[in-house]
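**Q** Coordinates for the following, if possible.
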Amino acid sequence: MIGYNTLGVHILSTGSAVPDLSITNETLSTLVNTSDKWISTRTGIKERRVLPKEQSIIDLAKNASLEAINRGLLEPNDLDLIILATSSQNDLFGSASQLQAAIGANHAAAFDLTAACSGFIISLITASQFIQTGSYKNILVVGADILSRWVDWSDRSTCILFGDGAGAAIVQKNYKNDLLSFKLNTKGSQANQLSILYKINKQNIKIHKSIPFMHGQYEYLKMNGKEVYKFAVSQVPQSIQECLKLANLSTNDISWLILHQANQRILEAVAEKLSIPQDKMISNISKYGNTSAASIPIALHEVFKQGKICNGDIVVIAGFGAGLTWGTTIIQWNALE
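**A** Sure, this is the predicted structure:
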């Protein structure tokens, strides 16, 4: 848990991208035993976007990134670093380098960060550290996931929840500091509650008598919904309270609350525990479902684009998910002068 005592981290601009293809609850009810009422009352989700087979996660990440770059009045070659938060990359060795090439950011280093639904928060904090040490000036942070390709579409407990999308933000060195505090946590003993596991096939191929060559594949996404819910509504409010204390703020100072869009019930329960009015809580889960690492930057971009965030506003952002991991950061939005 760290508080910022120096100047220099500013969120310059944002962008987002979602597929055109929308899968409604009514459509899902033709695939599995469910209904619009069953899904919407339990999750708040009405539809989710799904990436067509001819497109990749790089297409979504590229579009979100270019929007953030354009809105920040930058050129791709102005970027020093790209951090791609994703758990559904199209190359196991990483996809950030592909994104760097796709947007033409020839001067930027690039790497992936895998932390599922907490990925954007952790990436944002990582970027801020590079800024504050003076290593880089302009950093592109992208959250992108296409979990529609990792769910079992015959499993009602998971297929109704997830959608595809990408969101991006430019983090820039500046004389004013936007990030007031942060807190990151991990509880690895509960990693099995939300996972995509790699399974070794029982039959091994022996090319050499003394060397067993293993083959396997990744399984579908698996989640214990009840345990993830309990984890989120207990740990996230505590994390937010600790961040507020570190920044010498209270819940009354909060202008906007942006949580990972996992479930409308979780959003409402966290806000209620903190006594934060519902009209200060940002929710777009009905349109996109759970887009994992993309959910926070998509929501952040929407509120910026709609002009909801004003100079001096206190914005609390919290992510939580697989690992189990969770994290919070508090931003005071400072418009450039």
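**Q** Which stretches in the stretch 201-337 of the chain count as strands?
**A** With strands called from DSSP state E, counting those that start in this stretch, the stretch 201-337 of the chain shows them at 205-208, 211-213, 216-218, 222-223, 256-259, 281-282, 314-321, 325-332.
**Q** Might you list the low-confidence residue ranges for the chain?
**A** 1-7, 202-213, 336-337 (pLDDT under 70).
**Q** And the longest helix along it, how far out from the chain middle?
**A** The helix that spans the most residues within the chain, counting by DSSP state H, is helix 225-246. With Cα atoms, centre = their mean, to the nearest Å as the basis, helix 225-246 stands 16 Å off its chain's centre.
**Q** which parts of it are buried?
**A** 225, 228, 231-233, 235-237, 239-241, 243-244, 246 (16 or more other Cβ atoms under 10 Å). Glycine gets a C-beta too; all of them are placed from N, C-alpha and C.
**Q** who touches the residue most central in space within the chain in this structure?
**A** For the chain, the residue nearest the mean C-alpha position is residue 293 (2.2 Å; Cα atoms, centre = their mean). If you count contacts by Cβ atoms under 8 Å, 6 or more residues apart in numbering, residue 293 has them with 85-87, 115-120, 123, 143-145.
**Q** Could you do residue 22 as well?
**A** Per Cβ under 8 Å, 6+ apart, neighbours of residue 22: 47-50.
**Q** go with 7 Å
**A** Going by Cβ atoms under 7 Å, 6 or more residues apart in numbering, residue 22 touches 47, 49.
**Q** What separation do you get for it and residue 152?
**A** Distance from residue 22 to residue 152, counting by Cβ to Cβ, to the nearest Å: 20 Å.
**Q** same check, this time on residue 133
**A** Residue 133 is 43 Å from residue 152, by Cβ to Cβ.
**Q** And for residue 262, the neighbour number?
**A** 26 (other Cβ atoms under 10 Å).
**Q** Please apply the same query to the one 10 residues further on.
**A** Residues contacting residue 272 under the criterion other Cβ under 10 Å number 14.
**Q** just residue 332 next, same as before
**A** Neighbours of residue 332 (other Cβ under 10 Å): 18.
**Q** If I follow the layout properly, it ends up in contact with residue 180?
**A** Yes - if you go by Cβ atoms under 7 Å, residue 332 and residue 180 touch, sitting 5.6 Å apart.
**Q** Which residue comes closest to residue 266 once chain neighbours are left out?
**A** residue 232 (4.9 Å; Cβ to Cβ, 6 or more residues apart in numbering).
**Q** Hmm, residue 267 and the one you found touching each other?
**A** No - assessed by Cβ under 7 Å, residue 232 is found out of contact with residue 267, at 9.4 Å.
**Q** residues of the host helix or strand of residue 58 that come out buried?
**A** Take DSSP states H and E as the rule and residue 58 turns out to sit in helix 57-71. For helix 57-71, burial by neighbour count (16+ other Cβ under 10 Å) applies to 57-69, 71.
**Q** How about stretch 294-304?
**A** Here stretch 294-304 shows 294-304 as buried, counting by 16+ other Cβ under 10 Å.
**Q** Just send the residues you listed back as CSV, with distance to residue 162 too.
**A** Output for the buried residues of stretch 294-304, formatted as CSV (distance: Cβ to Cβ, whole Å):
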residue, distance to residue 162
294, 11
295, 10
296, 15
297, 16
298, 14
299, 16
300, 20
301, 20
302, 19
303, 22
304, 25
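**Q** Tell me the one of these nearest residue 322?
**A** residue 295 (13.2 Å; Cβ to Cβ).
**Q** Enumerate every residue touching the closest one.
**A** Taking Cβ under 7 Å, 6+ apart as the test, what residue 295 contacts is 117, 260-261.
**Q** domain ranges for the chain?
**A** 2-176, 180-190+221-332 (automatic domain parsing).
**Q** so residue 78 touches residue 139, yeah?
**A** No - using Cβ under 7 Å, residue 78 is not in contact with residue 139; the gap is 10.6 Å.
**Q** higher neighbour count, the two?
**A** residue 139 (27 against 17).
**Q** which stretch of helix or strand covers that one?
**A** Per DSSP H and E: strand 138-146 holds residue 139.
**Q** quick one: that strand to chain centroid distance?
**A** With Cα atoms, centre = their mean, you get 9 Å for strand 138-146.
**Q** Direction included, what does it pair against?
**A** strand 81-85 (parallel), strand 164-173 (antiparallel) (DSSP bridges).
**Q** That one to strand 314-321, inter-axis angle?
**A** 40 degrees (axes from the mean of the first three to the mean of the last three Cα atoms, to 10 degrees).
**Q** Understood, closing this out.
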